[in-house]
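Colleague: With the input below, show me the fold.
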Amino acid sequence: MEFDQRVHKPSKYVGRLPEILVRENGVCFLNLIRVGNFVLRRLLLVLCMAFAGCDDHPWNDPYPYEKGDANTLYTAFQERPKHLDPAQSYSEPEWVIIGHVYEPPLQYHYLKRPFILEPSTAVTMPEVKYFNQAGTPLNEESLSKDVAYTDYIIRIKPGIYYQSHPAFAKDASGNYYYHALSEKSAKKYQILRDFKQQGTRELLAEDYVYQIKRLAEPNIASPIFGLMSQHIMGLKELRETLMQSAVVSDGMEQDLRYVSLSGVEVLDKYTYRIRLIGKYPQFQYWLAMSFFCPIPWEVAKFYAQKGLQRHNISLDWYPVGTGAFQLTENNPDRRMILEKNPNFREERYPSEGMPEDMELGLLENAGKRLPMLDKIIFTLEKEDIPYWNKFLQGYYDISGISSDNFSSAIRLMEGGLALSDTLKNKGIRLQTSVAPGIWYWGFNMGDEIVGGYTEKARNLRHAIQLAFNVDEFISIFINGRGVHARGPIPPDIFGFATQPKVVVTDIEKAKALLKAAEISEGLTLYLDAAITGDPDEIAVHAWLQKQFQKIGIHLVIRGTDYNRYQEKLRLGTVQLYFAGWHGDYPDPENFLFLLYGPNSSAKFEGENWSNYSNPIFDKNFENIRSLQNSSERLQGIQDMVNVLEKDLPWIWGFYPKSYALYHGWVEARKPMSIGNNALKYVKIDPKLRAKQRLLWNSPIIWPFWTILSLLLVILVPAFILFWRKEHISLERV
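Modeller: Numbers count the residues shown, from 1 in each chain. So this is what the prediction gives:
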């Protein structure tokens, strides 16, 4: 029978089902089946994805290719690093990276405060020797005027090796694989990983000498050349010599092995000497900065090849050091990855610190080998809200607190600020520290109204300070993240104790000073400001005008772009201004120099934007900057502070206070506002983090099951009806 033949070929009936159903049951029923089929397929797809995601990764994990319990620290950066060459880098986003890749001879002790220096790659602290003009040795207490030059003799530890890198790779004959690439052969190398051969070698004293020479290289344009040329003997002359080289015109770094620098010399394989002009004790702090890290000549020569520069294969992009970590991925538009350097020397977590460190758990890792992390992933987060949300989800281990999130993270208590209950319940901890910096409102001492050293001018400046409610400014505009300043020297810096008590707002006293100065109401003053477009700017300016209105002074804000503002500061054409300074190193000289007469911006293009000049202050400054910390130095600082208190070139603003949040799986760590290698001391509990991530990011799937159940309730009867109709249709056929 024909019927039987068709039963054995069901595909014919399946192909005709739409036609049969339309004919027998109408279009509406057919559409219902099609919709049900579509929805079921989508639900099955969702369910498959759900079951596929049942591993150590939550569904919304931004690191799908990273192992959930890996010993990796996750953090973020919001500003793209521009330079990773230690001779050029001079910003915090860059130092966070290169501070863990490179090692200067000295570093700051992780736990001790105030900050103190200790050897890093050096065997001991530098041996310092003083000499007069005739070359006769002098003692440490010698006056600056008697010291013609100072020698810093630095001995580094043997057995320290660089990270593996193609610049060190040699063939069996001892020739370097990649030091003589033609432009054509260099085209095949797009990234550093394209170089298959790798090598390493021991850290030598000559590597530190080579880097110091690079500070004078015109093609590098180091930001500290001007300052260092005043101190390192022969550095200025070396720049002049290199400027005459024909190589300068092509913009490529020169081979500096065979040029001499009179003030810097290799004494033996592991020892070098730096000779300074006169006496400059603060130079020891520079030896803990990246500018004085080692650069091997092999690396400089490798990166100086034109073909590689065209592909951005350069020291500015791929740093090479002996530090705890190495940069294995540099994609500043997305993420940067530091991984443990397998060649890193043996270094242990400190076993001593401050009295409170034991109670805070900061000595629990004493003696453990560093670093304690295997990897650090920095992800670019330009906006605060995504950064904050990912931190709350556990995808960033550390976070600051932006102004937008401050109210939800911090609550005001009788004893001050505290962490919100929501964050506490997540095991998040708050850590605060006062940074070595200061923000202030400055007077231009060269101005005919607010400047000068007459009693009238001093009374005007003191009256304005008494009208300023700095605590109110801190509370309103920076969410309490500041400490009312007592003077130019921040806490934890030698000399801080010499400063007077905080000035309390006193309007009546301020008006009395104006009356004594014979200044009537209605005086107009001008404050120059850089306009950034920040929404708070208008409110800040209104607040400033209100402070002056309290004592009958009209303040006009002269807004301009940042470059024009900087030019006005440099030329000394401002009347009042607002500025800040973050210390390069923890010494009072690094703050007091902002008011040293010979640093006047208008006269000498220095950083003294107030153009303040007082002979007593200047004489004491010249004395204390050549002294080690002692009672004599403290007395000199006290005399300077007394002069400043009388002249008042600044309205003492505030010392910035940083707030940092850490998840419970990040072990106790100490804020390190000076020094850039703190992450090598960090330890985490990756298993706890993985557990918390899953808990906090569990998907909500009950709506899927609810919808599926409803669809089944609707579609099952339809399918039963469909099945019945199918059989009826087949029988008719």
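
Colleague: hey, where'd the helices end up in the stretch 51-200 of the chain?
Modeller: With helices called from DSSP state H, counting those that start in this stretch, the stretch 51-200 of the chain shows them at 92-101, 183-186.

Colleague: same question for the shortest one, mean pLDDT?
Modeller: The pLDDT scores in helix 183-186 average 85.

Colleague: so what secondary structure elements neighbour the next helix or strand along the chain from it?
Modeller: From helix 183-186 onward toward the C-terminus, using DSSP states H and E, the following helix or strand is helix 205-214. Packed against helix 205-214, as judged by 3 or more C-beta pairs under 8 Å, 6 or more residues apart in numbering; DSSP states H and E, are the following elements: strand 264-268, strand 271-277, helix 297-303. C-betas here are computed from N, CA, C, even on glycine.

Colleague: Deepest-packed of the ones you listed, please.
Modeller: With neighbours defined by mean count of other C-beta atoms under 10 Å, none of those is more surrounded on average than helix 297-303, at a mean of 22.

Colleague: Need the residues that contact that helix.
Modeller: Under the criterion C-beta atoms under 8 Å, 6 or more residues apart in numbering, residues 165-168, 176, 178-179, 201, 206-207, 210, 214, 253, 255-257, 308-309, 313-315, 318, 320 lie in contact with helix 297-303.

Colleague: Just the buried positions in stretch 665-676, please.
Modeller: Of the residues in stretch 665-676, those buried by neighbour count under the rule 16 or more other C-beta atoms under 10 Å are 665-670, 672-676.

Colleague: now, among those, which is nearest to V556?
Modeller: Checking these against V556 by C-beta to C-beta gives S673 as the nearest, at 35.9 Å.

Colleague: Now do the same for that closest one: helix, strand or coil?
Modeller: Per DSSP: H, G, I helix; E, B strand; the rest coil, the secondary structure class of S673 is coil.

Colleague: Distance to T136 and mean pLDDT for the helices and strands packed on helix 205-214 - can I get that in CSV?
Modeller: Listed next are those as CSV, based on distance: least, C-beta to C-beta, whole Å; pLDDT from 0 to 100:
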stretch, distance to T136, mean pLDDT
strand 264-268, 20, 98
strand 271-277, 15, 98
helix 297-303, 36, 95
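
Colleague: Of those, which is nearest N590?
Modeller: Nearest of these to N590, taken as C-beta to C-beta: strand 271-277 at 17.0 Å.

Colleague: Pull the residues that contact the closest one.
Modeller: Outside strand 271-277, the residues within contact range by C-beta under 8 Å, 6+ apart are 149-156, 205-206, 208-209, 212, 230-234, 262-267, 283.

Colleague: for the stretch 201-350 of the chain, which spans come out with low pLDDT?
Modeller: Residues of the stretch 201-350 of the chain meeting the criterion pLDDT under 70: 246-251.

Colleague: Ok, the chain next?
Modeller: Within the chain, the ranges that satisfy pLDDT under 70 run 1-56, 246-251, 414-416, 700-702, 704-705, 708, 722-723, 726-733.

Colleague: Domains in it, by residue range?
Modeller: Recorded structural domains for the chain (assignment: automatic domain parsing) are 2-58+700-732, 82-306, 437-658.

Colleague: What's the end-to-end length of the last one?
Modeller: Between the start and the finish of domain 437-658 there is a gap of 11 Å, counting by C-alpha to C-alpha, to the nearest Å.

Colleague: quick one: the residue nearest to E253 when sequence neighbours are not counted and V96, what's the gap?
Modeller: The spatially closest residue to E253, leaving aside those adjacent along the chain, is A304, at 4.7 Å (C-beta to C-beta, 6 or more residues apart in numbering). Taking C-beta to C-beta, to the nearest Å as the measure, A304 falls 26 Å from V96.

Colleague: Check E141 too.
Modeller: For E141 relative to V96 (C-beta to C-beta), the value is 39 Å.

Colleague: show me what contacts the closest residue to N677 other than its chain neighbours?
Modeller: With sequence-adjacent residues excluded and distances taken as C-beta to C-beta, 6+ apart, N677 is closest to G99, at 4.8 Å. Contact partners of G99, counting by C-beta under 8 Å, 6+ apart, are 290, 323, 675-677.

Colleague: can you rerun that using 10 Å?
Modeller: The neighbours of G99, taking C-beta atoms under 10 Å, 6 or more residues apart in numbering as the test, are 86, 89, 92, 107, 289-290, 293, 321, 323-325, 675-680.
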